[in-house]
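**Q** have a look; sequence and predicted model below, questions after that.
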Amino acid sequence: MSLEVWVYPTNAGILRSNPDIDEFIFWPTRQSWPGFRHLLSLFWSLRKAHFDLAVEFCNYAGWVPALAGIRHRVDMNLPHLWWIVPGAGRQWCKAHAVTHYSGPVERLGISVKDEALRIYPTHEEEARAQEWLAKYRVSPDELLIGIHPGGEGLWGRKQWGPERFAQVASGLHDRLGGKVRILLMGGKDDAPLAAQIAANTHAYVINATGQTTLGETAALARKCALFIGNDSSPLHIAAAAGTRVVGIYGPTDPRSYRPWIPGGREGIDYAVVRSNLPCACGFPLSGGITLAEVFLCLLCPALKTITPRQVLNACIKLLDNAHLLETQLLPTGESVALP
């Protein structure tokens, strides 16, 4: 049996070294669009491959197996007419995305007993991550804290302000008596955001943004005591690497998108920082909200109401519960001035 995965080139790195995958089929993105001739050639090669089964983990690509000549398919069992019927699948949307992604596999008669997320950095990527830390002389008695300020989802509307990340970095530096290193991570598109953070914090910053593969990002995240980020890929990569994470959520619903740590306890293994505005965290995985509510989610100013102090407090709580602050905390009574 051959297992081939249809994936975007931009996120193939998450799966590239997965030992269960035989081949990759790359679907072009807007940035790498090769033209319709290539697309027709791609579908023709798929038809010639005579695939027996398509397992869909996407909520809008049901037409793909038909054009590829794949007769048997199993999907996520989305609510009927979820894209046009207001309120379709409101209960369906309350489950986490991982639970929905387990559905197609279980409908094939395969029991999903282990829902832990996994990412497999290569030995070379692990080595390069170690070289990064050695280059900047990160010592074992320092706390390495990762920050990812970017995220393309919802047209950039999941991005907390870089100046606020900078204040959190400074607050961690002040609160921990200088025993912290801030590691900025992300893709090339995130480089301007990372530059703003580095320029506006007095914390010690290592800027790896745009200089690492997804596998190297996972390897570096595994070295971190804590990872802070918006609801986007690096946050979930860090959680999959076993790192404690603080997720900052504006429009997206944590019930669908919270950091996935099986058996994880909020406030112990991960934290979700969100706004109290009525419009906050309303965007689900698929369906369940009206078109008007979709626009409300996109226009909601929830992220702007989340303060650096809220995020800093969540970070300190996780580190404290992990017993990582016994020697680093400032004397009792000292505080950090944050909004």
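**A** Yep, that arrived. Residues are numbered from 1 along each chain as shown.

**Q** just the C-alpha atoms of stretch 275-292, please, in PDB.
**A** C-alpha atoms of stretch 275-292 as PDB (Å, rounded to 0.1, in the frame of the first residue of the first chain):
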ATOM      1  CA  SER A 275     -10.600  39.100  24.900                       C
ATOM      2  CA  ASN A 276     -13.800  39.400  26.800                       C
ATOM      3  CA  LEU A 277     -15.500  41.300  23.900                       C
ATOM      4  CA  PRO A 278     -18.800  39.600  22.800                       C
ATOM      5  CA  CYS A 279     -17.400  39.300  19.200                       C
ATOM      6  CA  ALA A 280     -14.100  37.500  20.300                       C
ATOM      7  CA  CYS A 281     -13.300  33.900  19.500                       C
ATOM      8  CA  GLY A 282     -16.300  33.400  17.300                       C
ATOM      9  CA  PHE A 283     -14.700  31.900  14.100                       C
ATOM     10  CA  PRO A 284     -15.000  28.100  14.200                       C
ATOM     11  CA  LEU A 285     -13.500  25.400  12.000                       C
ATOM     12  CA  SER A 286     -16.400  25.200   9.500                       C
ATOM     13  CA  GLY A 287     -20.000  26.400   9.500                       C
ATOM     14  CA  GLY A 288     -22.100  27.100  12.500                       C
ATOM     15  CA  ILE A 289     -22.200  30.900  12.000                       C
ATOM     16  CA  THR A 290     -24.000  33.200   9.600                       C
ATOM     17  CA  LEU A 291     -22.300  35.200   6.900                       C
ATOM     18  CA  ALA A 292     -23.000  38.300   9.000                       C
END
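
**Q** now do it: everything it contacts.
**A** Residues outside stretch 275-292 that contact it (Cβ atoms under 8 Å, 6 or more residues apart in numbering): 59, 76, 78-79, 82-83, 85-90, 92-94, 97, 100, 154, 249-257, 274, 293-294, 296-297, 299-303, 305-306. Backbone N, C-alpha and C define where each C-beta goes, glycine included.

**Q** in it, what's buried?
**A** By neighbour count on 16 or more other Cβ atoms under 10 Å, the buried set for stretch 275-292 is 275, 277, 279-289.

**Q** what of stretch 209-229?
**A** 209, 212-229.

**Q** circling back: from the buried residues of stretch 275-292, pick the one nearest L325.
**A** Of all these, S275 has the smallest distance to L325: 26.9 Å, by Cβ to Cβ.

**Q** quick one: that closest one from S111, how far?
**A** Distance, S275 to S111, by Cβ to Cβ, to the nearest Å: 38 Å.

**Q** next one: K188
**A** 41 Å.

**Q** now do the phi/psi pair for the most centrally placed residue in the chain.
**A** Nearest to the geometric centre of the chain sits S233, at 2.6 Å (Cα atoms, centre = their mean). Per-residue torsions, S233: phi -50, psi -50 (degrees, to the nearest 10).

**Q** quick one: name whatever helix or strand follows the worst-scoring helix or strand of the chain on mean pLDDT.
**A** Ranked by mean pLDDT, DSSP states H and E, the weakest helix or strand in the chain is helix 291-299, scoring a mean of 82. Heading C-terminal from helix 291-299, the first helix or strand you meet, by DSSP states H and E, is helix 302-305.
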